[in-house]
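Trainee: Pasted the sequence and its predicted model underneath.
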Amino acid sequence: MNKLLLLLVCVSLLAQNESFSKSKKMLRDIYKGHQTTIYCDCKYNYKDKKNMIDKKSCGYIPRNKYTKKGKVNQRANRIEWEHLIPVENFGRQFSCWREGDEKCIKKNGKKYKGRKCCEKVNQKYRTMQADMHNLFPAVGELNGDRKNFRFDFVEASGGQYGECKFDVLFKQKRVRVKEDIRGVIARNYLYFNKQYGMKLSKQELNKYQSWNKLYPPNDWEIERNDKIGQKQGNLNEFIK
């Protein structure tokens, strides 16, 4: 296959990958044989609908076993596909997120904006939201607690979620993680910066370039990248 034809195939595949729900289905297949969460290394099983998370495998203890209404916190018992770069953090670069669009009008005549509007009107946004390179299995409670907080450059101490080294600094709107996934985070941010022109501060760019060198990809990260490339049509070139 010549380079031009290969490029056309990749562009075609990328154009089709605008559905977040389809991406999640494909990722379930990609992660077969490696069903482990990104932050805590918890093993999980989709077949166990009531409790997907093997908490003993990682020492995870929910921060909130029950919701404010007194019900069992179901997000502590399931995995969710976490946008490592939060949707809001890249969504804000689009006018449909900040200001809405003439096509984003409710029945009462009021304009809406944010995620719902961008999903409706912006193809590039939908592609970024569905990009599987940025999607990782995470314990639902951690995904919920993290919100759209950025990663802190200090390593997590743990204790907030049992043995899981994941700290949420709610007041500072920051999250701290274990050291061994710094490279994964760095390559993901560098990929979005190059692939989509997502802006990074000078401090962030320097830090992620440093982490990329200090924490090279392991076998699974390379395998994951290849599998996503086959389904999505492009690789994260920083994983090598």
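Mentor: Looks like it came in fine. Source: prediction; values computed, not measured.

Trainee: from here on, contacts and neighbour counts on C-alpha atoms
Mentor: Noted.

Trainee: and the nearest residue in space to residue 36 that is not next to it in sequence, how many neighbours does it have?
Mentor: In space, and not counting its chain neighbours, residue 36 is closest to residue 43: 4.5 Å by CA to CA, 6 or more residues apart in numbering. Applying other CA atoms under 10 Å, we find 18 residues neighbouring residue 43.

Trainee: Residue 70 too?
Mentor: Burial of residue 70 is recorded as 8 neighbouring residues (other CA under 10 Å).

Trainee: unless I'm mixing things up, residue 88 is touching residue 148, no?
Mentor: Yes - the criterion here is CA atoms under 8 Å, and residue 88 meets it with residue 148 at 6.4 Å.

Trainee: quick one, helices of the protein?
Mentor: 3-16, 20-30, 87-91, 95-98, 115-121, 123-130, 140-146, 182-196, 202-214, 219-232 (DSSP state H).

Trainee: now for these, which one comes closest to residue 165?
Mentor: Closest of the helices of the chain to residue 165 is helix 140-146, at 11.1 Å (criterion: CA to CA).

Trainee: Contacts for stretch 151-163 next, please.
Mentor: For stretch 151-163, contacts defined as CA atoms under 8 Å, 6 or more residues apart in numbering pick out 58-63, 164-167, 174-179.

Trainee: Among those residues, which one sits closest to residue 114?
Mentor: Nearest member of those to residue 114, counting by CA to CA, is residue 174, at 21.5 Å.

Trainee: Give me the pLDDT value at that closest one.
Mentor: Note on residue 174: pLDDT of 97.

Trainee: you'd agree it is up against residue 166?
Mentor: No - Residue 174 is not in contact with residue 166 according to CA under 8 Å; the separation is 10.9 Å.

Trainee: Dump the helices of the chain to CSV, plus distance to residue 240, mean neighbour count and mean pLDDT.
Mentor: Below are those laid out as CSV (distance: least, CA to CA, whole Å; neighbours: other CA atoms under 10 Å; pLDDT from 0 to 100):
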stretch, distance to residue 240, mean neighbour count, mean pLDDT
helix 3-16, 19, 13, 45
helix 20-30, 19, 15, 96
helix 87-91, 25, 17, 96
helix 95-98, 34, 20, 97
helix 115-121, 32, 18, 97
helix 123-130, 22, 20, 97
helix 140-146, 28, 19, 97
helix 182-196, 10, 19, 98
helix 202-214, 10, 15, 96
helix 219-232, 7, 16, 97
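
Trainee: Residue 174 and residue 166: who's more crowded?
Mentor: residue 166 (22 against 17).

Trainee: Once you drop chain neighbours, what's closest to the more buried one?
Mentor: Distance criterion CA to CA, 6+ apart; nearest residue to residue 166, sequence neighbours excluded, is residue 177 at 4.8 Å.
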